[in-house]
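Peer 1: Next one to model:
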Amino acid sequence: MSALDNELTNRTAPPGSMRYFSLLYSPEERRDLVLALYVIDTEIRESAKSASHDVAHTRLTWWRAETDRLVNGNPQHPATRLLHERSSGDLSVFSKLHEVLAAADMDLARMTFTNERELRAYCSRSGGAIQELVASQLAAPAPLDEAARAAANRLGVGIRLAEVVRDLRQDAYDGNVYLPLDLLDKHDLKTDHLRAREVDPKLKEALRTIRSTAMSELDLPPRGPQSEYLRPIYVLAALHRKLLDRIAARNYDVATERIELGPLQKPWAAWRAARKA
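Peer 2: From the prediction side, this is the model:
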């Protein structure tokens, strides 16, 4: 039983979800720490999506203050309190949450990206930073070495890019355009193409480019001294690779429905990834 309540847990990693399997293959004694980080990530992302801009801004401001309270040892949220009570490492590592918040600020501002380099920098904050923290909590009290830190961040980038492909139409409706502007220009695409009920062949070509980039980021790194601490991230990365394969098999039809992995694909892919880790 998690120390966090069911409402928080089910919003963050409901049974059968990809994050659920990431938690399943986390060490039991550290599972609540991983869950707490995923809860915080979910809370920050959802804050940026609030219908009211003022409410979103207020919530993100609160989370910036809460991150500082966590680092200073007096947090208020159930997830940050859990991290404070159970983390065996230096609390200053949680200042990394400010990168997640910076990405949320970019979401709220509906920022666009000129090229893939800028998109990758955003994904490093939006997806990579939280995976770095997951790895750091599995390694603690030992510090995370640079190879493991870089691997965790890179896999987080790939996970976020996979989400960009899957959620393209919904994100566009919400006002967020993540495809780089130079890629849109190359394929003569406008925002309306991203919101259309049918995926234009030119948009499919652009999505193939992002998928290719994501797949390269999701390649498992060579094994190193701290590879064992990346196991839950390997599982999550493998599930997102499978998701990208399914999207490609569906010819990038991300407009008519939200493409997901089937209930049998997830446990099988997660088990195989965990065995390789």
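
Peer 1: and the nearest residue in space to N251 that is not next to it in sequence, how many neighbours does it have?
Peer 2: Excluding the flanking residues, the one nearest N251 by Cβ to Cβ, 6 or more residues apart in numbering is K204, at 6.8 Å. For glycine as for every other residue, the C-beta is placed from the backbone atoms N, C-alpha and C. K204: 15 surrounding residues under other Cβ atoms under 10 Å.

Peer 1: what does the one 10 residues further on give?
Peer 2: The criterion is other Cβ under 10 Å. On that basis, A214 has 24 neighbouring residues.

Peer 1: Quick check: which helices or strands does whichever strand or helix holds it pack against?
Peer 2: If you go by DSSP states H and E, A214 is part of helix 201-217. Other elements packing on helix 201-217 under the criterion 3 or more Cβ pairs under 8 Å, 6 or more residues apart in numbering; DSSP states H and E are helix 146-166, helix 181-186, helix 191-195, helix 231-249.

Peer 1: Format those helices as JSON lines; extra columns: mean pLDDT and distance to N115.
Peer 2: As requested, the helices and strands packed on helix 201-217 are exported to JSON lines (pLDDT from 0 to 100; distance: least, Cβ to Cβ, whole Å):
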{"stretch": "helix 146-166", "mean pLDDT": "97", "distance to N115": "14"}
{"stretch": "helix 181-186", "mean pLDDT": "98", "distance to N115": "5"}
{"stretch": "helix 191-195", "mean pLDDT": "96", "distance to N115": "17"}
{"stretch": "helix 231-249", "mean pLDDT": "97", "distance to N115": "21"}
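
Peer 1: and those helices as TSV, adding mean neighbour count and distance to H57?
Peer 2: As requested, the helices and strands packed on helix 201-217 are exported to TSV (neighbours: other Cβ atoms under 10 Å; distance: least, Cβ to Cβ, whole Å):
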stretch	mean neighbour count	distance to H57
helix 146-166	23	22
helix 181-186	15	25
helix 191-195	16	24
helix 231-249	22	30
